[in-house]
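Visitor: generate coordinates for the sequence data below:
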Amino acid sequence: MPKVAAPSISGWGDLLRFLMSENLPGSYPYTAGVYPYRREGEDPIRMFAGEGMPERTNRRFHYLAAGQSSVRLSTAFDSVTLYGENPAERPDIWGKVGNSGVSIATVDDAKRLYSGFDLCAPSTSVSMTINGPAPIILAFFINAAIDQQVEKHLHETGAWEAVERALPPGRPVYRGAVPATSDGLGLGLLGVAGDEVVDGETYDRIKAETLRTVRGTVQADILKEDQAQNTCIFSIEFAMKMMGDVQQYFVDQGVRNFYSVSISGYHIAEAGANPISQLAFTLANGFTIVEYYLARGMAIDDFAPNLSFFFSNGMDPEYAVIGRVARRIWARAMRERYGADPRSQMLKYHIQTSGRSLHAQEIDFNDIRTTLQALYALFDNCNSLHTNAYDEAITTPTEESVRRAVAIQLIINRELGLNICENPWQGSFVIEELTDLVEEAVYAEFDRLSERGGVLGAMDTMYQRSKIQDESLHYETLKHDGTLPIIGVNTFLPPDGPAGPLDEAQLMRSTDEEKENQIEGVRDFSTRHAARRERALARLQEVARARGNVFEELMEAVKVASLGEISGALYAVGGEYRRSM
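Guide: Okay, the predicted model is just below:
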């Protein structure tokens, strides 16, 4: 079995056609993959998790990472965090705190969330699914990473005990039992910023090294939020400016291993789009971001490697080639239109199996669907993969269901013989034909967007939202009239009615105690930093009004202000989101 299968063609014309349209993995136009070989000793597993308060999700992270050679964390935030608010007793907030995601409102929450993982280790990377308040959450994360390295420095130099004795009493702590696999890294400086315990020169050195080495992704794709998912909080103009500020900060600070945006089609697909629309809208959003960054004066090769993508994989045949088409279109545009170097031409993407394809009826069948979708993704050389748990049709995954979801990937990666080959799709007549058909359809959608003034012009008339809604209605119509067979849902039904009483299913919900802990934690944080908070927020507003780099100032503001306080301060300057109707 060859690791990479080469074509058995010898004619000069056939070879040229192959090299320009396909080529082997790792070579332009990267149709078969952006790297010659997959990473050895690192499976592309990146499981999505988030529930309750930070400690609960931290324990789930350690459960998922146990026994893995690398740590790939993917963070789901609750809707309160997604909308830039603090946990509170308000009736419209209370019930959502810590449900369907983790509650994060302060930098101390971020330190607890990722404690026990060295965020600067080359084997660790963290993904954060956050959009509206993404720059604030990213500032939480980077400060948590810096303070981890400060803590390590103090231990390595023998200064930790003296610093610990000098720390103020009553600092926050990790609530509950620390996981057995955690060394507690990150918990030593809860309630304190790293620049308070080391001299300025040492802090700047550690900060610079952290920025150069930290690995991960923040979603921060505000375009698809307007088009599909709806967690916009700032005006589109101001949100785009902050995206640009983050990338400019990355360029200035030499951040090369962290993706400043994950240009996302997943939510477009989950809202109802078919695979063609998902891919076309996502790539168009990507090119819009490229044009905006270029207009700000950034060089293409300074920022293009910091862009990543995120797609859904469903059951339709087009999903078998979504990566092939995306890589080819992106590589050609980067090279031919923008003159980008090979690193910038490589489109790297994450796949999550389709949540929309999960059903509460015959819930055990969901693992079969997820397995087939994972096979699509891995044979198409995705760069990382989340496999949904079967019970996500009704709840946040339990430990039992998420273990089964991880096993799906492990069995394909380690047991399935054909997966030894790194380009199993190449050379298939139907795969090559489907690749060309999907590529042609994507270019046709690009034309329709251009006729409407590009991505932003089309958003003004709600073109993308309307098309997604039409396609969603079409799918639901086919499902309900039986034209589209869904096994166990509209055909092959059990003779005795729905199998398995759903009222006995384990539902994952945050407890009242967790909600109260989060609310109290924010109050304590605000009280501790009251003397410095107002000045920090005023300074943040001044920078925003002067069109300075907001993210650079956020890196300081998050040390003393909470998520909701920062959001409120920025609303006054950048404006709140209002949908164009």
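Visitor: name the helix or strand of the protein that has the lowest mean pLDDT.
Guide: Ranking every helix and strand in the chain by mean pLDDT, DSSP states H and E puts strand 47-49 at the bottom, with a mean of 86.
Visitor: in terms of secondary structure, what does that strand contact?
Guide: For strand 47-49, the elements it packs on are helix 54-65, strand 71-76, helix 399-414, judged by 3 or more Cβ pairs under 8 Å, 6 or more residues apart in numbering; DSSP states H and E. From N, CA and C alone the C-beta is placed, and that goes for glycine too.
Visitor: right, and the helix or strand after the helix or strand encompassing Ser466?
Guide: Ser466 belongs to helix 463-481 when elements are defined using DSSP states H and E. Following helix 463-481 in sequence order, the next helix or strand is helix 512-528 (DSSP H and E).
Visitor: which outside residues touch the next helix or strand after that following helix?
Guide: Scanning forward in sequence from helix 512-528, with DSSP H and E defining helices and strands, the next element found is helix 530-545. Judged by Cβ atoms under 8 Å, 6 or more residues apart in numbering, the contacts made with helix 530-545 from elsewhere in the structure are 238, 526, 549-550, 552-554, 556-557, 559-561, 565-566, 569-570, 572-574.
Visitor: one more time with 10 Å, if that's ok
Guide: 238, 241-242, 245, 525-527, 529, 548-554, 556-562, 565-566, 568-570, 572-574 (Cβ atoms under 10 Å, 6 or more residues apart in numbering).
Visitor: can I get the helix or strand that that helix is followed by in CSV? Just the C-alpha atoms.
Guide: Heading C-terminal from helix 530-545, the first helix or strand you meet, by DSSP H and E, is helix 550-557. What follows is helix 550-557, C-alpha atoms only, in CSV (Å, rounded to 0.1, in the frame of the first residue of the first chain):
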residue,chain,number,x,y,z
VAL,A,550,-8.2,48.5,19.8
PHE,A,551,-6.8,45.0,20.3
GLU,A,552,-3.5,46.3,21.6
GLU,A,553,-5.4,48.3,24.2
LEU,A,554,-7.7,45.4,25.0
MET,A,555,-4.6,43.4,26.0
GLU,A,556,-4.2,45.8,28.9
ALA,A,557,-7.9,46.5,29.6
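Visitor: packing partners for helix 550-557?
Guide: With contacts defined as 3 or more Cβ pairs under 10 Å, 6 or more residues apart in numbering; DSSP states H and E, the packing partners of helix 550-557 are helix 134-156, helix 236-253, helix 530-545, helix 563-574.
Visitor: quick one on the thing from earlier: can you lay out the helices and strands packed on strand 47-49 as a markdown table showing distance to Arg533 and mean pLDDT?
Guide: Converted to a markdown table, the helices and strands packed on strand 47-49 look like this (distance: least, Cβ to Cβ, whole Å; pLDDT from 0 to 100):
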| stretch | distance to Arg533 | mean pLDDT |
| --- | --- | --- |
| helix 54-65 | 21 | 96 |
| strand 71-76 | 26 | 95 |
| helix 399-414 | 38 | 94 |
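Visitor: nearest to Val261, of the ones you listed?
Guide: For those, proximity to Val261 was assessed by Cβ to Cβ; strand 71-76 is nearest, at 15.6 Å.
Visitor: quick one: which of the helices and strands packed on strand 47-49 is nearest Ile329?
Guide: Between Ile329 and those, the shortest separation by Cβ to Cβ is 25.7 Å, and it involves strand 71-76.
Visitor: how about residues contacting the helix or strand just after the closest one?
Guide: The element immediately downstream of strand 71-76 (helix or strand, assigned by DSSP H and E) is helix 79-82. Residues outside helix 79-82 that contact it (Cβ under 10 Å, 6+ apart) are 50, 75-76, 85-88, 90, 92-105, 109, 129-134, 136-137, 225, 229-231, 233, 515, 518, 563-564.
Visitor: out of those, which end up buried?
Guide: Burial by neighbour count, 16 or more other Cβ atoms under 10 Å: within those this picks out 50, 75-76, 85-88, 93, 96-105, 109, 129-134, 136-137, 225, 229-231, 233, 515, 518, 563-564.
Visitor: having no further points to raise, I will conclude here.
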